[in-house]
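>>> Quick one: sequence plus predicted model below, questions after.
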Amino acid sequence: MKAAVIVFPGSNCDRDIQVALRQSMGSEPQMVWHKDADFDDVDLICLPGGFSYGDYLRCGAMSAKSPVMKEVVARANKGVPVLGICNGFQILTECGLVPGALMRNSNLKFVCRDLHLKVERNDTVFTKQYQAGQNIRIPVAHHDGNYFVDSEGLKALEDNGQVAFRYSAKDGSVSEASNPNGSLNNIAGVYNTKGNVLGMMPHPERLCEDVLGGTDGRPMFDSLVAALS
Amino acid sequence: MKARIHVTLKNGVLDPQGKAIEHTLGSLGFDGVNEARQGKFIELDIAETDEAKARETVTAMCEKLLANTVIENYSIDLEQ
Amino acid sequence: MKARIHVTLKNGVLDPQGKAIEHTLGSLGFDGVNEARQGKFIELDIAETDEAKARETVTAMCEKLLANTVIENYSIDLEQ
Amino acid sequence: MSEITPEIVAEHGINEEEYALVLEIMGREPNLLELGIFSVMWSEHCSYKSSKKWLKTLPTEGPQVIMGPGENAGVIDIGDGNAAIFKMESHNHPSFIEPYQGAATGVGGILRDVFTMGARPIANVNALRFGEPDHPKTRHLVSGVVAGVGGYGNCVGVPTVAGEVEFDPSYNGNILVNAMTVGLAKADRIFTAQASGVGNPVVYVGSKTGRDGIHGATMASAEFDDASDEKRPTVQVGDPFTEKLLIEACLELMQTDAIVAIQDMGAAGLTSSSFEMASSGDMGVELNLDQVPQREEGMTPYEMMLSESQERMLIILKPGKEDLARSIMEKWDLDFAVIGTLTDSKRMVLKFHGDTVGDLPIKPLAHHSPEYDRPWVSTPDSKDVLASDINEATDTTDALKTLISSANMSSRRWVWEQYDHMVMGDTIQRPGGDAGVVRVHGTNRALAVTSDCTPRYCKANPVRGGAQAVAETYRNITAVGATPLAITDNMNFGNPERPEIMGQFVGCIEGMRDACLALDYPVVSGNVSLYNETNGKGILPTPVIGGVGLLKDSTKTATVAFESEGESLVLIGS
Ligand SMILES: Nc1ncnc2c1ncn2[C@@H]1O[C@H](COP(=O)(O)OP(=O)(O)O)[C@@H](O)[C@H]1O
């Protein structure tokens, strides 16, 4: 599998994803500077977390206009899998690859901690190595992860099975109490309609090694490698 | 020419910042605030002097960057 | 009554957001933007109907919460 | 015609004797620009004039020490050819005036001190002290400071892995915001501020210069009164996004061989950075202020030299490397300008619109700044508190509840969850334990970091309190399985012109020295913040210690958590 990680000015989880990919792939992903629109053909494109352009104006708004994003959108539309984590998710919503918007957390505070996610489906390239309905532990670290979409949009997401993950409790239950940021229906990640683009606020790349506190993020990268190699 | 742009959340879009303002004003003892909404206010100083052309350009700026039209409305005031 | 409040950075205070907007508008091909500044726009719906009293209350709200007067200015428009 | 009146001199915080020394050094009356430069260079903040004599008594050497105090940050050897570079710094006064920006720019400043030496910052620590929880200002200050520390650190992508938060009425009018950064560099690729090479270009990179915090450095060294709330000095606004670009751009430039010397523009910005670089290399420098990137129109030389705009660096390049450096800065969208050259005149010559607007000797200003041996009295022994003086608790459950619900014992989760403590993917022990632990990227080693101080001990007995603070960091580092290597410190005290306060300072230093010597645990960097005093009431003596230790095997770390049923509890020590 060949993977690219797009680096925007202000990205700060680019190396973290690089490490996670390297661990699962056994080879190096390509790091692509946002001004380089003509990067190699790859099997996977990752948009990392961070504060691209300082999160100024709206998170992800300015990066979504980067030269490289035109190319990313074109390739995503051709079916190349795209994974956007945290700021990467915000960029995906801003360029319209996935529906909705990420607003300021409902308590207005940055939140960094481990929490639980319910895996909604395991039939995508991202989740084959999880079980559907599995409860996994993954950290979040964001200020603007409050997922919003209008009511028709929400209905469509739910009807099409585009919800990828929901914030859950340790016991797997999904309720307001397990919602860290005010997201509608506890949505932590969404797919596009074709299922080849995934945007998610939690950081699977941060829990891929026992010494860092857990490995529940690793199956995502292993799934991608298995599906795309 | 100066362009003054207001970017506000569409009706029906939850506004966590507005809610927090409402709540905090209440706890500071300011009663009688029925609703608070927070938006952005952007001022641009642009070289264009023709009003019609300026409006066209600034509208394009709003559509392309300054507002996220999925959740936001915008309005533009121009001043020589 | 509606109160429309503009909160803007004082002159001379660095506006990283404005700078980033300027930069991105430039790279999107919008030339001729000399300066961009970003502020906040807050709309309150308040129960008070007397204009003088409303202005006094909203001024107090701005001083106490809505503006950071160390670095920001505010202005208030009221509308019945 | 004299433009310098005694009032103007006093406004610049320069006393009569100091002004006499100014006249002697200059051999003439200074102009306003020159006076402004003296005032910032000789402020307590930049010159350490009250503390120097005592700081010199701290042990600073050891086989692990690569560079001790005197550089932007201390450097220690951590094996495998790597070095850890760290320092702590205060941003107390600005954070009281504007908690978010004050704390944010505090984090930004200490990050620059570390990456300016060639290190990638890998961990942040913050030590915070506030007034009583129900004091009317406390809530606003706590939430603003915590948001500011997080806002900056999270955005630049450096994990905040440890810290402390304490409440005491003595901080009601003077909160303490101490930030520490630990960075990682190759031991043979350390950059310093020592200028050399006549004719070498002096370049400016980073953000443009504005009228921020002019006189900030002198403000930070002057006592507060109630009117200072009204004065509302221009506070600096931080731009962590630009800082992130600056980190990446500087580290990229450091990979080339273009740099002779590099220095961040901290307090007193262009003035202190250019003086420090020239003076440590015994050079002269000529600056053309017209070339300084400016954010506002009509800035005067005085404003440019004294501005504290954030996210700026000064670099001496090797000849002919301008284009290389420019292309890297432009890649990262940062301003780049050649603003001067090194000379052999040992003077700083400032040009503006073709005229010479300032001409000052470098060494006397930088090194012959006043140094005081302030009178001090040692702190009288406080009465021992005997167990029999205290009523026995009638209900231990209630007593426990009182303890754990007190502000100083309560959980700090609310604070550290607002900090990204995992970014960079090497955090092995998150906040909440004895020390934060971060892996040395790509190796099996890890660094443990902690900050500690118990100010009420320091008040009761400065010598033992100072020693205790050092020892506590040592224990916290040991408790996670690491070997303590060295410390940085942040000496926060009241007005040193009062002999009791000076006595607290002297006592704490003595205790720190004793502990450092006993533990082979040298001081490699530090910062002093004096005049933390409002209306004549000083804070508790607060010598915050930041400790760094090494784990050779990062998998062999111990946490505070009980792991399973049936584990044994063992008490060791006295
Ligand atoms: N401002 C802060 N930032 C990050 N971590 C903090 C902060 N304040 C406290 N902590 C963490 O909370 C834990 C408990 O703090 P404290 O009560 O000071 O611990 P101790 O007395 O054991 O050193 C420590 O792990 C500390 O690092």
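Received, thanks.

>>> Need the residue in chain D that's farthest from the chain's center.
Distance from the centre of chain D peaks at D:Thr394, with 46.0 Å (CA atoms, centre = their mean).

>>> quick one: which helix or strand includes that one?
Under the criterion DSSP states H and E, no helix or strand holds D:Thr394.

>>> Whether stretch D:116-128 contacts chain A - can you check?
No. Stretch D:116-128 stays clear of chain A (CB under 8 Å from any CB of the partner chain), getting no nearer than 10.2 Å. For every residue, glycine as well, the C-beta is placed using N, CA and C.

>>> re earlier: ok, the residue farthest from the centre of chain D to chain C distance?
Shown here: D:Thr394 relative to chain C, a distance of 43 Å by CB to the nearest CB, to the nearest Å.

>>> What of B:Glu48?
Separation of B:Glu48 from chain C (CB to the nearest CB): 6 Å.

>>> now do A:Ile6
16 Å.

>>> and that residue, what does it touch?
By CB atoms under 8 Å, 6 or more residues apart in numbering or on different chains, the contact list for A:Ile6 reads A:Val32, A:His34, A:Ile45, A:Cys46, A:Leu47, A:Pro48, A:Val68, A:Val72.

>>> rerun at 7 Å
Going by CB atoms under 7 Å, 6 or more residues apart in numbering or on different chains, A:Ile6 touches A:Val32, A:His34, A:Ile45, A:Leu47, A:Val68, A:Val72.

>>> Extract the CA atoms of the helix or strand where it lies and return them as PDB.
Using DSSP H and E, A:Ile6 falls within strand A:3-7. The C-alpha atoms that make up strand A:3-7 are tabulated as PDB, following Å, rounded to 0.1, in the frame of the first residue of the first chain:
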ATOM      1  CA  ALA A   3      -0.100   6.300   1.500                       C
ATOM      2  CA  ALA A   4       0.200  10.100   1.500                       C
ATOM      3  CA  VAL A   5       0.000  12.400   4.500                       C
ATOM      4  CA  ILE A   6      -0.800  16.000   3.500                       C
ATOM      5  CA  VAL A   7       1.000  18.600   5.600                       C
END
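
>>> Neighbouring strands of it in the sheet, and parallel or not?
When sheet partners are counted by DSSP bridges, strand A:3-7 sits next to strand A:30-33 (parallel), strand A:44-47 (parallel).

>>> Considering only the contacts of A:Ile6, which also neighbour the ligand?
Residues shared between the contacts of A:Ile6 and the neighbourhood of the ligand: none [CB under 6 Å from any ligand atom].

>>> For the residues you listed, which entry has the maximal number of neighbours?
Using other CB atoms under 10 Å in any protein chain shown as the neighbour criterion, A:Leu47 leads the contacts of A:Ile6 with 36 neighbours.

>>> Helix, strand or coil: sort out the closest residue to that residue other than its chain neighbours for me.
Nearest residue to A:Leu47, sequence neighbours excluded (CB to CB, 6 or more residues apart in numbering or on different chains): A:Gly88, at 3.0 Å. Per DSSP: H, G, I helix; E, B strand; the rest coil, the local secondary structure of A:Gly88 is helix.

>>> A:Gly88 contacts A:Pro48, doesn't it?
Yes. Between A:Gly88 and A:Pro48 there is a contact at 5.6 Å, judged by CB atoms under 7 Å.

>>> Tell me which of those two has more neighbours.
Comparing A:Gly88 with A:Pro48 by other CB under 10 Å, the one with more neighbours is A:Gly88, at 30 against 27.

>>> sorry, back to before: list just the one of the strands paired with strand A:3-7 that sits closest to A:Leu198.
Within those, the stretch nearest A:Leu198 is strand A:44-47; the backing value is 10.2 Å (CB to CB).

>>> if we can go back for a sec, contact partners for the residue nearest to A:Leu47?
Contact analysis of A:Gly88 by CB under 7 Å, 6+ apart lists A:Cys46, A:Leu47, A:Pro48, A:Gly49, A:Gly199.

>>> what's the most distant pair in those residues?
Comparing every pair within the contacts of A:Gly88 by CB to CB identifies A:Pro48 and A:Gly199 as the most remote, at 12.4 Å.

>>> thought D:Val203 was touching D:Ile315?
Yes. Between D:Val203 and D:Ile315 there is a contact under CB under 7 Å: 4.9 Å.

>>> follow-up on the earlier one: looking at the contacts of A:Ile6, which is nearest D:Glu565?
For the contacts of A:Ile6, the residue nearest D:Glu565 by CB to CB is A:Leu47; the value is 44.0 Å.

>>> For the closest one, give me its contacts.
The neighbours of A:Leu47, taking CB under 7 Å, 6+ apart as the test, are A:Ile6, A:Gly84, A:Gly88, A:Ile91, A:Leu92.

>>> switch the cut-off to 6 Å
Residues near A:Leu47 by CB atoms under 6 Å, 6 or more residues apart in numbering or on different chains: A:Ile6, A:Gly84, A:Gly88, A:Ile91.

>>> Determine how far stretch D:184-202 lies from the middle of the whole chain.
Averaged C-alpha coordinates place stretch D:184-202 at 21 Å from its chain's average position (CA atoms, centre = their mean, to the nearest Å).

>>> Name the residues of it that are buried.
By 16 or more other CB atoms under 10 Å in any protein chain shown, the buried positions in stretch D:184-202 come out as D:184-185, D:187, D:190-195, D:197, D:200-202.

>>> and D:Val22, that's in a helix?
Yes. Under three-state DSSP, D:Val22 falls within a helix.

>>> Distance of it relative to the ligand?
When distance is defined by CB to the nearest ligand atom, to the nearest Å, D:Val22 is 41 Å away from the ligand.

>>> Give me the pLDDT for that residue.
Looking at D:Val22, its pLDDT reads 94.

>>> what about it, neighbour count?
Neighbour count of D:Val22, defined by other CB under 10 Å: 23.

>>> what does chain B put close to chain A?
Proximity of chain B to chain A is confined to B:Pro16, B:Gln17, B:Ala20, B:Asn68, B:Val70, B:Ile71 under the rule CB under 6 Å from any CB of the partner chain.

>>> distance between the strand holding A:Ile6 and the chain's centre?
In terms of CA atoms, centre = their mean, the centre of strand A:3-7 is set 13 Å apart from its chain centre.

>>> Report the buried residues of it.
By 16+ other CB under 10 Å, the buried positions in strand A:3-7 come out as A:Ala3, A:Ala4, A:Val5, A:Ile6, A:Val7.

>>> again with stretch D:68-80
Neighbour counts over stretch D:68-80 (16+ other CB under 10 Å) mark D:Gly68, D:Pro69, D:Glu71, D:Asn72, D:Ala73, D:Gly74, D:Val75, D:Ile76, D:Asp77, D:Ile78 as buried.

>>> Can you give me every residue that contacts the fifth one?
Put plainly, it is D:Ala73. By CB under 6 Å, 6+ apart, the contact set of D:Ala73 is D:Ile85, D:Phe86, D:Lys87, D:Asp113, D:Val114, D:Met117, D:Ser525.

>>> let's see 10 Å
With contacts defined as CB atoms under 10 Å, 6 or more residues apart in numbering or on different chains, D:Ala73 is in contact with D:67, D:84-89, D:110, D:112-117, D:119, D:180-183, D:190, D:488, D:524-526.

>>> Excluding residues flanking it in the chain, which one is nearest it?
D:Lys87 (3.7 Å).

>>> you'd agree the one you found is in a helix?
No. With three-state DSSP as the criterion, D:Lys87 is located in strand rather than a helix.

>>> How many neighbouring residues does it have?
D:Lys87 sits with 27 neighbouring residues when counted by other CB under 10 Å.

>>> partner residues bridging it?
D:Lys87 has these beta-bridge partners by DSSP bridges: D:Thr181.

>>> which stretches of the stretch 251-400 of chain D form helices?
D:269-280, D:301-306, D:322-331, D:362-367, D:396-405 (DSSP state H, counting those that start in this stretch).

>>> Could you do the stretch 1-150 of chain D as well?
Under DSSP H, counting those that start in this stretch, the stretch 1-150 of chain D gives helices at D:6-11, D:16-26, D:32-41, D:44-47, D:52-55, D:92-97, D:99-115, D:138-156.
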